[in-house]
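S.K.: show me the folded form of this:
(2 chains)
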Amino acid sequence: NAGVMQNPRHLVRRRGQEARLRCSPMKGHSHVYWYRQLPEEGLKFMVYLQKENIIDESGMPKERFSAEFPKEGPSILRIQQVVRGDSAAYFCASSPLQTAYEQYFGPGTRLTVT
Amino acid sequence: DQQVKQNSPSLSVQEGRISILNCDYTNSMFDYFLWYKKYPAEGPTFLISISSIKDKNEDGRFTVFLNKSAKHLSLHIVPSQPGDSAVYFCAASLYGGATNKLIFGTGTLLAVQP
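M.R.: The predicted structure follows:
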């Protein structure tokens, strides 16, 4: 029973480029969450999605960031025109419908903007 | 506005003794609390959770206590093992509302000395 999968594990982008982070939830999980951890800080919620729907994007910066969870395929977190302040670890979590408060995390994608 | 606080950035304990990690929160509407363990360069691993209607939940060596009047929870690890050395995050959820997002504390680094 594979866990939450994220790729790539490490991503280096130059300022102004686009970053695409992918997340495949655990089998049977229909809820996906994205969190960001800046250096020396705790995890901060960004967005909560169900299949084809964004449920809560209150933690997502208004510009340059977008997320989707299509009917088929992984969830994608997209960051356009990256800046150095976007350098962080981005974690995806998933949960099953019936115990949605317990979220299971992937290994994360470490984004470095040079 | 830090709604979930872990005031001890680090804790050192001898192997075999009890580890007690503490967490305080400000929002009385939180209805689930969770503890996660995190190793460097990995995603958080779910350990144990507790509903706000309970005051104790136990799973093997891990016990979580909730004191709603004090808005305080703690994680007890007995006996502590060197493999428990990691960063521990507490998190709170407003499950049942429009979102299942988790709000994390800043973490406590536990070092278990052999």
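
S.K.: all strands for the chain, in order.
M.R.: I'll assume chain A. Ranges of strands within chain A are A:5-7, A:10-13, A:19-24, A:31-37, A:43-50, A:53-56, A:65-68, A:75-79, A:88-95, A:104-105, A:109-113, based on DSSP state E.

S.K.: try chain B instead
M.R.: B:4-5, B:10-14, B:19-25, B:32-38, B:45-51, B:56-59, B:62-67, B:72-77, B:86-93, B:102-104, B:108-113.

S.K.: where in chain A is pLDDT low?
M.R.: For chain A, the stretches flagged by pLDDT under 70 are A:1, A:98-100.

S.K.: contact residues of it facing chain B?
M.R.: Applying CB under 8 Å from any CB of the partner chain, we find that chain A lies next to chain B at A:4, A:6, A:31, A:33, A:35, A:41-45, A:48, A:55-56, A:58-59, A:91, A:93, A:95, A:100-108, A:110. (Each C-beta comes from the backbone N, C-alpha and C, glycine too.)

S.K.: so who does the residue positioned nearest the centre of chain A touch?
M.R.: Centroid-nearest residue in chain A: A:Trp34, 3.6 Å away (criterion: CA atoms, centre = their mean). Shown in contact with A:Trp34 (CB atoms under 8 Å, 6 or more residues apart in numbering or on different chains): A:Cys23, A:Phe45, A:Met46, A:Val47, A:Ala67, A:Ser75, A:Leu77, A:Tyr90, A:Phe91, A:Cys92, A:Ala93.

S.K.: identify the residue nearest it in space, chain neighbours excluded?
M.R.: Spatial nearest neighbour of A:Trp34, chain neighbours left out: A:Met46 (4.4 Å); criterion: CB to CB, 6 or more residues apart in numbering or on different chains.

S.K.: thought that neighbour was touching A:Met60?
M.R.: Yes: assessed by CB atoms under 8 Å, A:Met46 is found in contact with A:Met60 at 5.0 Å.

S.K.: give the residues shared as contacts by those two.
M.R.: The contact lists of A:Met46 and A:Met60 share A:Ala67, where a contact means CB under 8 Å, 6+ apart.

S.K.: more neighbours: those two, which one.
M.R.: Neighbours were counted for A:Met46 and for A:Met60 using other CB atoms under 10 Å in any protein chain shown; A:Met46 has more, 22 against 19.

S.K.: which strand residues bridge B:His76?
M.R.: Beta-bridge partners of B:His76, counted by DSSP bridges, are B:Ile20, B:Thr63.

S.K.: now do the one 10 residues further on
M.R.: Assessed by DSSP bridges, B:Ala86 has beta-bridge partners B:Leu110.

S.K.: swap in A:Arg13?
M.R.: Where A:Arg13 sits in a bridge, its partners, by DSSP bridges, are A:Val113.

S.K.: distance check, it against chain B.
M.R.: To chain B, A:Arg13 is 19 Å away according to CB to the nearest CB, to the nearest Å.

S.K.: burial measure for that residue, as a count.
M.R.: 19.

S.K.: now A:Val47
M.R.: Other residues lying near A:Val47 total 24 when counted by other CB under 10 Å.

S.K.: my guess is it contacts A:Pro61. True?
M.R.: No: taking CB under 8 Å as the definition, A:Val47 is not a contact partner of A:Pro61, at 10.4 Å.

S.K.: residues from chain B in reach of chain A?
M.R.: So far as CB under 8 Å from any CB goes, chain B lies against chain A at B:31-32, B:34, B:36, B:41-46, B:49, B:89, B:91, B:93, B:95, B:98-107.
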